[in-house]
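Participant: let's see this in three dimensions:
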Amino acid sequence: MRTRILPVSKSSIQEACQILLAGDLVAFPTETVYGLGGLGLSSTAVLKIFEAKGRPSTDPLILHLSSFDLAQAVSDGILASPIPKKAQSVTQRFWPGPLTLILPKGPRVPTEVTSGLETVAVRCPSDPSASLLLKHLGHPLAAPSANRFGRISPTDASAVLAELEGKIPLILDGGPCTNGIESTVLSLSESKPVILRPGSIDSQTLSSFLQMDVPIRNSSGNVQSPSPAPGMLDHHYSPMTPLYLCSSPIKAFSGVFEFITYADHSIPKKPNIHVLTNDQQGSTAAKNLYRTLRNADQRASSAILIDPIPNSPWAAALIDRLQRACTGTAVWSDGQWQLIPRVRR
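Facilitator: Okay, the predicted model is just below:
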C-alpha cells in the first residue's frame, strides 16, 4: 500500500471521508498529537487500527466526537444515560479541547473500542482540521496516536509517515500539533473525579473548576488486563534508543550520548545536544518533547539523557510521559555518567 500525504483542504477532507466510510484508516492532526482514525462504531475499522499499530486489545481507544453535546452522544448510543452533572459542566468549559472523559458507554460502542470495559473514553478536539473532518464525516472516530504501539507519538505528518508508511492509505497534513502531548484523561465514572492520564489541563485547573480535589492516579497497567484509559501502560512513548532521566541538571556533556536539556543555559552547540525549550515555558517543552526525542533517536547513539523537568502546570504530563518512556536513571558520579536500569513490574 502506498501512503500519501495531502495538505488539509476541502478536497483532501472529502477524500479522507471516502476512505473512512469505506472502512479504511486515515491519519489526521489534532491539537495534541496526530491520530490514526477509523470509524469508531465499526468493529472492523477498529480492529484495523489495532492491527496497523500493533496495539494490544487490552489498551482501549478514545472516540473523537464532532460536538460537545453529550445529550446527542446519548441519543447516538455512544454514552449511557444519565450523564453525570459534572460531565455536562466540564464539557461546556473545556470542550472542544485536549480533555478526554471516561463515562459509561452506550449500546452502540463496540467492545473492541473499550477493551471490554463498561466505560468509554470520549473527547471533542479543538484542532480546526480535526473538527472539519469529524463534521464532514458525520461519525465518531476512534483515534489513538498515529504511531506503532509503544513508540514516540507523532506531532507532524512526516513522523506519521516514518511510523506507518505502507500501513495506511492517507495522512492529512495540518502542520505541527500545537500542544504536542496527549490529552488529559479525566474519569467521571467513579465516585469522585480522578485524572488517569495528566495532560495540558492540569489537576489544579480541574480542581478549581469543580471546586473539589481532583487527584492524579499514578498507576501503570500491563497488556494482560484491560487498562481503564489509554496511555496507562508501564512502557510507552519510547524511542528506540535507551532513554535515561538525569537525577540532576545536566552539566557534563560527552560525545557518547545524546543530551536533551530543558532550557538553553549557554550550553555547548554540538550535534548531540538538543534543547527542549528556549523560553523555559512548560507549554513549549511539551510542544517540542516528541519531536526532540525523535531527533535524538535518529542519531542512533547508545543512550539519550534528559534533564529533570522543572515545576510548571505541564510538569506532571511531561514527567508521566518520560517515566513511561525511560529505560532508567542517569547519575553523574566520579567524573562519568552511571546508567541505572529501571526495574519494571
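Participant: contacts and neighbour counts: CA atoms only from here.
Facilitator: Fine.
Participant: all strands of the stretch 1-150 of the chain, in order?
Facilitator: 4-7, 26-28, 35-39, 62-64, 99-104, 119-123, 141-142 (DSSP state E, counting those that start in this stretch).
Participant: looking at those, which is closest to R294?
Facilitator: strand 35-39 (17.3 Å; C-alpha to C-alpha).
Participant: for that closest one, which outside residues touch it?
Facilitator: By C-alpha atoms under 8 Å, 6 or more residues apart in numbering, the surrounding residues in contact with strand 35-39 are 20-21, 23-29, 45-46, 48-49, 139-147.
Participant: what's the answer for stretch 169-181, then?
Facilitator: Stretch 169-181 is contacted by residues 1-8, 12-13, 16, 24-34, 129, 153, 155-157, 160-161, 199-200, 283, 286-290, 317 when judged by C-alpha under 8 Å, 6+ apart.
Participant: go again using 7 Å as the cut-off
Facilitator: Under the criterion C-alpha atoms under 7 Å, 6 or more residues apart in numbering, residues 1-8, 26-33, 129, 155-157, 199, 286-288 lie in contact with stretch 169-181.
Participant: export it to CSV, keeping only CA atoms.
Facilitator: Presented in CSV, the C-alpha positions along stretch 169-181 are these (Å, rounded to 0.1, in the frame of the first residue of the first chain):
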residue,chain,number,x,y,z
PRO,A,169,-3.6,5.0,2.6
LEU,A,170,-3.7,8.6,3.6
ILE,A,171,-2.2,11.2,6.0
LEU,A,172,-3.8,14.6,6.3
ASP,A,173,-1.1,17.2,6.9
GLY,A,174,-2.3,20.0,9.1
GLY,A,175,1.2,21.1,10.2
PRO,A,176,2.7,20.7,13.6
CYS,A,177,0.5,20.0,16.6
THR,A,178,0.0,23.0,18.9
ASN,A,179,0.0,21.1,22.3
GLY,A,180,2.4,18.2,21.4
ILE,A,181,1.3,15.7,24.1
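Participant: what about it, distance to the chain center?
Facilitator: Relative to its chain's centre, stretch 169-181 lies at 12 Å (C-alpha atoms, centre = their mean, to the nearest Å).
Participant: mean confidence (pLDDT) on that stretch, please.
Facilitator: Averaged across stretch 169-181, pLDDT comes to 98.
Participant: chain neighbours aside, what residue packs nearest to the most centrally placed residue in the chain?
Facilitator: The chain has E182 as the residue nearest its centroid, 2.9 Å off, counting by C-alpha atoms, centre = their mean. Distances taken as C-alpha to C-alpha, 6 or more residues apart in numbering place T32 nearest to E182, at 5.1 Å, with adjacent residues excluded.
Participant: distance check, the nearest residue to I250 once chain neighbours are set aside against S227.
Facilitator: Nearest residue to I250, sequence neighbours excluded (C-alpha to C-alpha, 6+ apart): D307, at 5.9 Å. Computed with C-alpha to C-alpha, to the nearest Å, the distance linking D307 and S227 is 29 Å.
Participant: same question for A252.
Facilitator: 39 Å.
Participant: compare the two (neighbour count), which wins?
Facilitator: In this view A252 and S227 are compared by other C-alpha atoms under 10 Å, and S227 has more residues nearby, 20 against 11.
Participant: right, I'll call it a day here.
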